[in-house]
Each structure stands twice: as structure tokens, then as C-alpha cells.
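J.: here is my input; please provide its structure:
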Amino acid sequence: METVLIVDDEKNYPLILGAVLEEEGFETFSANSGPEALELLKNTDVDLVLTDMKMPSMDGIELLERIKTKDEELPVIMMTAHGTVDKAVEAMQKGAYSYILKPFDNDRLILYVNKAISMYRVIKENRRLRNAAELQYSFGNIIGKSKVMQDVFDTIRKVAPTTTTVLIEGESGTGKELVAKSIHFNSLRRDKPFIAVNCSALAETLLESELFGHEKGAFTGAVAMKKGRFELADGGTLFLDEIGELSQNLQVKLLRVLQEKIFERVGGVKSISVDIRIVAATNKNLKEEMEQGRFREDLYYRLNVVHMVLPLLRERQEDILPLVEHVINKYREERKSADPVTGLDQEVERLFYDYSWPGNVRELENVIERAMIMCQSSNIKISDLPKEFKENVYNTLHIEGIPANAKLDNVLTMIEKRMIIRALKLTNNVQSQAAGLLGIGKSGLNWKLKKFKLSTDSKQ
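T.: Below is the predicted model:
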């Protein structure tokens, strides 16, 4: 619902204009002076200011100038009498959207207001699009050549053009928000806002206000009306991250919005209609949460229309090197170093394959970024890696799990054989590449293949 601030020192005038505009579906606020208007604008979302030209203490021109220092693109319409037309022209030169002469009929007023708000709507959408960096979320920039990631891409392609609700499950760092943005920016809603909320980041009362907005005076500290994320996402996509953390009370309210597409702001009685698509994400198993009584069954089935489970990084090892290349390129572009990092030493590659990556892609990106800061050559070496990462890598071989009476030769043979099998798998059986990954010559690899009686479709 778009909002209009009416500023006029005649106390009845904002009430009359407000009644006219509210009949047209606008929400209105009023102020009887320029300073009062500026104070209200500090904490209230407004889509248009409709102000009188002649007012004591601060006239319409000065109010316009003060507004433009805060938001240059917020439209301001000046109301003026015939005797101050020259002032109205001056206001246009200083950035006013238009002016309207008193007395005016209601139809003309509504026409001016609709045009100004339509223009501002386009400006806000373009602003959101610039900030969102739409191209970042095309399929080509979500990295993954593995079968499990190709399945993810296929689901995005199928679901993006629809308005279907999507539930994404996956551990932290697997890229749930990236997939949600990809769904949005490849949908028919791409020109509308993508609004994200982390449901675990706020206490219940604050989260309710964040989602639904609040009216002035709804609670201590609510000094002005504030639109919630549902309202801001109107026409677009609302991404609810960590939805498994919602309280039972908020689960009920969310279910109502999903069913009826209406809600009220906290402390309000006016029903607000929205057209939004919900994409939800969680690092919990919501079905198990539902079975344990912690998540509502009716809400679960409302959200779980299309269900996506994002793979762990350790489940798609063939994506590790492409991800490394992507991250290195990303930070190299940002830093513009004279001696840029271009890759990894083979020893580091082996460590990356050995590691379980409990933090998934987010951890990989963090390790690469920190290593690039320390790196003094073109390739990242083991000495460049964070200390805690190296400690975690070396702890992935659990010596305690090996029987105490196991013979050293037998254990080393088992490890050697497994590493050869893995190297062949990771290089698609290209033996020269597998040998390089293992740090041995191709002839040495051929000898070991015969030794362990490993058969493979030979690729040179």
C-alpha cells in the first residue's frame, strides 16, 4: 500500500485530502509544518509528499530542499495558489515532481498523485535491481558440474517461471540463499523486489514487527509506522531463511498469509493484501520437526510444495576445484593485485580433497580469501593456509579408528589404493591428470594400477 504525507498549516486541509486519497486506496499521514514533516520522515516509509507552498517557519521550497538531501528521488508535489505560481516554478527547478493550483478538484489531485507514485515505484524497483546484482544469480554463476548440482539446476529451471512455494533444506554454507535468489531472478518476478529475512536472528516480538510491520505506538519505541518485509516484497519474492526457528505463534500468522494473502501490521486493524512468492529455507529436517510437534503440519505442507535438498560440499568433490577457481577469480578482480594468485599447489589440492568441509562452500570461500591475503606467489601453498584449517585437515584421518593390532604396511596399502581410486574418479579416469594429482609420474601410476589389480577405461 503506497503512502502519502500531506503537509499544510491549515489543520483541516490534511484531513480532507487524506479522506479523498484513502478512498483511492492510499495510506496517508499528515503534518502541519515543515519541521513536523521532516521529523515524521525520519522514521516513516513514504512514497509521496504533498505539501503546501506557503507555511510559517519553513515554506514549501525549504521543505523540498531538505527532503531532497535525504532522498533525491522521493516525489514532492507542491500545492499553491495563483499568486505563488512563480514560486511553484522555482520548486520544479529544484526537483519538485509537479505543482497543482488551489482550488483543485479531486480527480485532478488523484491523477497527479497516481502519476508521481507510479514514477517512484519504477525508481525504487530499478534501485533494488541495481543493488541485487541480478547477473550474479544466473545459473552460470552457481558453480557445480556434479550430477547432484545439475539436478539442482534442473529444479530451478522448472520451478522459477511458476509462482509455487519452495522449501530449501541444507546445512549452513550450502548456498540456500543463492539458490533462492536464482529462483527469483529467473522468474517473471525478476523486476520486483527480493526481500530476505533471517528468522533466527531476532526475538519473536521483533521478528513479528520485521515481517508484518507496525503502526505508530504499537509498542514501546514504535515512534512511527514501519512497513514490514511482507509489504516491501509485494509483487516479488520473500525469502524466509531458517524458517524452522519460527515460534508457534508466528507459524500461525505465516500460515494465514500463505492462505489468504492478507495480514495486519502489529498494532493495526487495517488488512493489507499482498502478492508475494514465498521461498523458505532451513538447516533442520522440517519433517522431523513436524513429527516432534515443533513445526505445524499444515504450515509444513503449505511450504513443501517443491522440496529441494542442497548437497554438502563433501558429497560433490568434483566441484571443489571449479569452486576454487571461481573464488580466486572473484577476489583477484576485487583486489587488482600486481602479482595475482592464479591457483593452488598440488599439495593444497590434495588437502582440499581430503578435507570434509563441515562449513561447506562458505568455509571454502573463507579459506581461499584468507590464503590469498597471505600468498606471496601465483599459487597458494600449504604455508598460506589458515592454521586452524590445517589442523582440521590433518585430524580427518582418525588414527583412533584403526585397530591397535593393524600392521603399518596393510594400513598404508589400503590408504594408497583408496587415494588412487579417488584420484581416477576425480579426473574422470584421465591417468596423466590422476598421476599429477597424486604427485607421481604416469609410469608410477600404471605400475600401481597393476599392483592393486585396478581396471579402468584408460584415458591419456
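J.: for the helix or strand harbouring residue 109, packing partners?
T.: Remark: residue 109 resides in helix 106-132, with elements defined by DSSP states H and E. Contacts defined by 3 or more C-beta pairs under 8 Å, 6 or more residues apart in numbering; DSSP states H and E place helix 106-132 against helix 12-23, strand 48-52, strand 76-80, strand 98-101. All C-beta spots, glycine's among them, are computed from the backbone N, C-alpha and C.
J.: show residues contacting the last one.
T.: With contact meaning C-beta atoms under 8 Å, 6 or more residues apart in numbering, strand 98-101 is reached by 53, 77-82, 85, 88-89, 91-92, 108-109, 112, 115-116.
J.: partners of it in the sheet?
T.: strand 76-80 (parallel) (DSSP bridges).
J.: can you give me how far the partner strand is from the chain middle?
T.: On the basis of C-alpha atoms, centre = their mean, to the nearest Å, strand 76-80 sits 38 Å off its chain's mean C-alpha point.
J.: moving C-terminal from that strand, which element do we reach first?
T.: Assignment by DSSP H and E places the next element after strand 76-80 at helix 85-93.
J.: how close does residue 9 sit to residue 57?
T.: Summarising the geometry, the distance separating residue 9 from residue 57, computed by C-beta to C-beta, to the nearest Å, is 9 Å.
J.: neighbour count winner among the two?
T.: More crowded of residue 9 and residue 57, by other C-beta atoms under 10 Å: residue 9, with 18 against 10.
J.: so who does residue 281 touch?
T.: With contacts defined as C-beta under 8 Å, 6+ apart, residue 281 is in contact with 167, 168, 169, 170, 176, 177, 180, 239, 240, 241, 242, 243.
J.: quick one on the thing from earlier: now the common contact residues for residue 9 and residue 57.
T.: Where contact means C-beta under 8 Å, 6+ apart, the residues bridging residue 9 and residue 57 through contact with each are residue 33.
J.: pull out the buried positions in stretch 311-321.
T.: By neighbour count on 16 or more other C-beta atoms under 10 Å, the buried set for stretch 311-321 is 311, 312, 313, 316, 317, 318, 319, 320, 321.
J.: ranges for the helices of the stretch 101-250 of the chain?
T.: If you assign secondary structure with DSSP state H, counting those that start in this stretch, the helices in the stretch 101-250 of the chain sit at 106-132, 147-159, 176-185, 204-212, 229-232, 248-260.
J.: for residue 96, find the nearest of the ones you listed.
T.: Ranking the helices of the stretch 101-250 of the chain by their distance to residue 96 (criterion: C-beta to C-beta) puts helix 106-132 first, at 9.9 Å.
J.: pretty sure residue 102 contacts residue 80?
T.: Yes: at 6.7 Å, residue 102 and residue 80 qualify as touching, with contact defined as C-beta atoms under 8 Å.
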